[in-house]
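S.K.: Just to be clear, the model below is a prediction. Sequence and coordinates:
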Amino acid sequence: MTFISNLRFAFDRTTGFHALPVTALLVLVYIAVAISTSRYGGLNVTEAYKDLHVIAARPHPYASHANDVVRDYLLQRVRDIQSHSGNLVIDDDVISNGTWATERYGSAYGTYFEGNNILVKVHGTDTSSPPLPAVLFSAHFDCVATASGAVDDGIGITTLLQLIKYFTAHPPLRTVLFNINNGEEDYLNGAHALLEHPWVKDTSNPEFINLATFINVEGASSGGRPLLFRATDIGALKIWKNVETPHANIISAEAFDLGLVRSGTDYTVYTNAFAVPTPLDPTKFGPMRGLDFSFYRGRSKYHTKFDSVPYTEGGDKAIWAMLEPTWAAGVALANDDNASSSEERAVYFELFNTALVLFPLTYLLTFNITLLVAGPITLILLSMSESALARSRAAKKQQATFSPSVVRPTEVETEESSVSQELSPSGSVVNGSAAQHGVQEAESECSWTMPSGVFWKHGRFWVAQALTIGAQVVLITGFVNLNAFVVYGNPAVPILSSFTLVILVLSLVLSPPHLGSKGVVLSQTPTTINVPSWTSFRTLLTHNYAFSWLLLLASTVGITQFGFGGTSYMVSIWNGLVWLATAICGVAGCFGVAETAELEVVQDEGEEVHPTDDETEANERTPLVGRKRPRLANKSKAGVDPVDNPQPYALWIIVLLILVPFPLIIVSHIALFLIPSMNQTLADGSSAIAAYAAISLVSFVAALPAIPFIGARRVHRYLLWLMALVWVVSTGLAWIPWSGAWTESTQGFRGGLFPFSEDAPLKVFFEQKVEISRSNEKIVTAITGAAPFLQDMILPLIPSYLDSLAHGREVDCSTSSVDPKKVGLMRCSWETYNSGVPSLDDLSMIPIASNAPVRSAERNRSALDWISTTNSWFQASAKSMSFDGTMADGARFFVTGNNSRACRVYFDEPVAKFRVRTVDSTPELLVGDDGFTEWETQRGFKSDSYDMLRQWSNSSLSSSTVGAQTVIPTDANAKHTHSGRVACEWVEYESGMVGMSLSTSPIPSPSGRRTSGGQIPAFEEMLAYLPKWAMVSKLADGLVEAEEKFVL
């Protein structure tokens, strides 16, 4: 061979439409998208990191002494900043209070809350009249009792402190308000309290701020890279284009709208339809517009002891990741001179953490309609033009006409003699009977015969899709039933299993192996004429377009009916790219590029093979047994000369780069936030089916662009064998019970790969109840968690549970006491103390509310219908009465908790209205006094009935008394019996209060208050005895709840 021939051959082997180059480019594209990295920019966070260490030194929930310490520190920090600037106004707000309804799990809870926020206002430089609407920045400094709150929401608070310092040095155009709020963890109370503040609510107040937009910073995870969870409209989102490293996608917002994400943030309160006075008409109320920015990865550590500074994922980089985007967007928003911006719904997504793609949803709808109409028309016209030009070329050569869509069955080359051979659409040389040569195709000598004809030519794409979806359903069922939690700690396992299964099923249907044949693929034969594979490619590409068109139609309906743009933009992009690739192939076909010629390679029957049959002379490399050179017979209906017919060298590369990379980039960006935000929600009671379905959907969509290449047999069989091995290993690890250190198996676990570890611990939820009655006081400890692990692997490690079990005390494990919406969770409870049972005298698990004595309020017993028993937890009393002469049947309760800010009243029958106020516990309350506040609840947060009333006080823990008025609608002349329970909550335990100097006698706290700590030995036991792969969190507002029944 000459040098030119060698060069031409090498060029063909590297750029031709063969298995090896196509496979190599496909793999490179998939890998390049997968390993794309993010980058961080930022500000100096040294001071912020120091603040975080103080804020997250220990758990500091709203109803704790540590909360007062953190609040005092933050108040001093903003006063220090104020001392260097006169442009700052601070309100130490302990006055604002209100009542509102909270919907949760199908019931409505009434809430009374006394605000404890710190408000900081920075005056803007705008002198216009009326002034530009103000901007709100919000974060909460309280945390749950089981965590120190470094991420939730200490980093958010440090971000606000840095922004306050920045805006005092660089006054913004608009006035800026910072809500450093308290009480978010217990149903967003701090944000509700802001709406009752005179600066926000009262338009006649000299300090009134006309709020219009907000940025809420949150931390529902363990750190890492925060995500723009949701936004109200395109006007608010435009400021996020100023962020250097955006991380955002509309699908997260739609997950909230659909209820797939059940977490609540202050965003919900601020976007309420009656939140603040509107900028155009302050006499009317309307929602604020804004953004919800939050950490989201690592939910297994959320609300546990791992939410602390040492365990924060990324360390100070996590602060940078929160601080820099908030600063960039906040500065742009505070200096925006546009009085009004668009309130249209938007579609948005990021590209490689460097750019935010943003446009109105109406643009997407217009684009979709255009694609739906123009796309098919243009392709039909192109197809007609291609056929006409092909016939024209054939006529010039006085050949028969040709249809480029003809596809012949896929076969392989055999080494049988006395047969004819054909070149298949897949690029293989195939056998046929010599007698049938030129008349009809021979059947394959494979171990099974593939369907043939027009149906299989056009139907195999849809059969492959159906079988792939069916296989994914089977795979999801297997994971859910055999090892549902493997996605919790090992998400890579189901991801690999799902994606490789998609590729394997598509390959088996579209390009099945030729079992039992002695054959080789075309890429291994001397000939280079494989244009029938290109025809197969184009056929599958056309059906791929048809499939994307149907999805585009469905997504367009979704936009018009439901306003969903998350899935729509992805389908729109994919449909547009598939259309472009199909159109390019059609244009190339019009010029005769890669026009299909069906060829037949013929060997004459009975002819002996001699060395002289070869076209080359014998030499030292000539085989001992000569080979018969095959003869090519042209069976083209278009008269295309196989020698002159060009290869789609550059064309297939262009098509691959159009079809694969960008859809894969979009899907990968979605997967990067969707899967980490869902995989560890199973411990919270989310459905495992949803998590695995999300993985399967992402895998399916990621494989769609490769379908034409797979069907054209241009994915190398070695890669498919590798994927088969990966699928067997990943699925086997998850499903088959293993033993041995290499699989991290755990004693007592009967599944496959163990899903939990110290990096991804299983969360269980703790609660202890003190049931008070006239006869005895019973204490029950309970934990709620994933049923397969709780009863068999966790409870046997808890000493108090084993002791109760050994002594025959009350022990119960069931799913009936768990909310039905929390799938797969079980509640196990056991009696740890009962004063009425002499044998149950173990005092070690008894919680202590406070070592300080209970302050007793004077009560007129003759005027009361019910009085609580004497106990160390709370004092309560109640009386049936009517109010204002409007409702005949009601009741009033008086509750004083010992070292508790959180008390509540449960009702066996819902009440229609309520109102609450805090009073001094020392004077006696007159039963007939009806000087309470009005019955109205906060605008936009009302309900027709309430099952429970929650009362939160910011007064001294040991002396607060809360009075509640309730009304039950009934016949005015009928006698009605009121029944229910009065309860109070406690959150303090010794190890969580280390460094607070709390002892057996009250001592002054750093704020000057005299305090006394509580003890919860049962919770300390959980911290000490839980396995290293599990961690405890809170179940309700308090870790301990003491309650007593009442009947009026």
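M.R.: Here it is on my side, so go on.

S.K.: Unless I misread the structure, L949 falls within a strand.
M.R.: Yes. The assignment for L949, made by DSSP: H, G, I helix; E, B strand; the rest coil, places it in a strand.

S.K.: pretty sure it is touching Y112, no?
M.R.: Yes. Assessed by C-beta atoms under 8 Å, L949 is found in contact with Y112 at 7.1 Å. No exception for glycine: its C-beta is placed from N, CA and C like everyone else's.

S.K.: in the stretch 351-500 of the chain, which spans are strands?
M.R.: With DSSP state E, counting those that start in this stretch applied, the stretch 351-500 of the chain shows strands at 355-360, 419-423, 429-433, listed in chain order.

S.K.: Equivalent analysis for the stretch 551-700 of the chain, please.
M.R.: When assigned using DSSP E, counting those that start in this stretch, the strands of the stretch 551-700 of the chain occupy the ranges 599-602, 631-634.

S.K.: And the pLDDT at L957?
M.R.: Confidence per residue is given as pLDDT, and for L957 that number is 49.

S.K.: Show the contacting residues for T102.
M.R.: With contacts defined as C-beta atoms under 8 Å, 6 or more residues apart in numbering, the neighbours of T102 are 108-111, 187, 941.

S.K.: Could you identify which of these has the most neighbours?
M.R.: If you count neighbours using other C-beta atoms under 10 Å, the busiest of these is G110, which has 30 neighbours.

S.K.: Assign it to helix, strand or coil.
M.R.: Following three-state DSSP, we place G110 in the strand state.

S.K.: Tell me which residues of the helix ranked longest in the chain come out buried.
M.R.: Of all the segments of type helix in the chain, defined by DSSP state H, the longest one is helix 361-396. When neighbours are counted by 16 or more other C-beta atoms under 10 Å, the buried residues of helix 361-396 are found to be 361, 364-365, 367-368, 371, 375, 379, 382-383, 386-387, 390-391, 393-394.

S.K.: Ok, stretch 905-920 next?
M.R.: Within stretch 905-920, the residues scored as buried using 16+ other C-beta under 10 Å are 905-907, 910-919.

S.K.: from the chain's centre, how far out does that stretch sit?
M.R.: In terms of C-alpha atoms, centre = their mean, to the nearest Å, the gap separating the centre of stretch 905-920 from the centre of its chain is 37 Å.

S.K.: before we move on, what about stretch 227-241?
M.R.: A distance of 18 Å separates the centroid of the chain from that of stretch 227-241, by C-alpha atoms, centre = their mean.

S.K.: Need the distance between the two termini of stretch 1020-1029.
M.R.: 17 Å (C-alpha to C-alpha, to the nearest Å).

S.K.: avg pLDDT for that stretch?
M.R.: For stretch 1020-1029, the mean per-residue pLDDT is 94.

S.K.: gap between that stretch and the chain center?
M.R.: On the basis of C-alpha atoms, centre = their mean, stretch 1020-1029 sits 28 Å off its chain's mean C-alpha point.

S.K.: sorry, back to before: farthest pair in the buried residues of stretch 905-920?
M.R.: Comparing every pair within the buried residues of stretch 905-920 by C-beta to C-beta identifies P910 and V919 as the most remote, at 25.6 Å.

S.K.: can you tell me how far K942 sits from N272?
M.R.: In this structure, K942 lies at 11 Å from N272, with C-beta to C-beta, to the nearest Å as the measure.

S.K.: With neighbour numbers in mind, choose between these two.
M.R.: Between K942 and N272, N272 has the larger neighbour count (other C-beta under 10 Å), namely 20 against 15.
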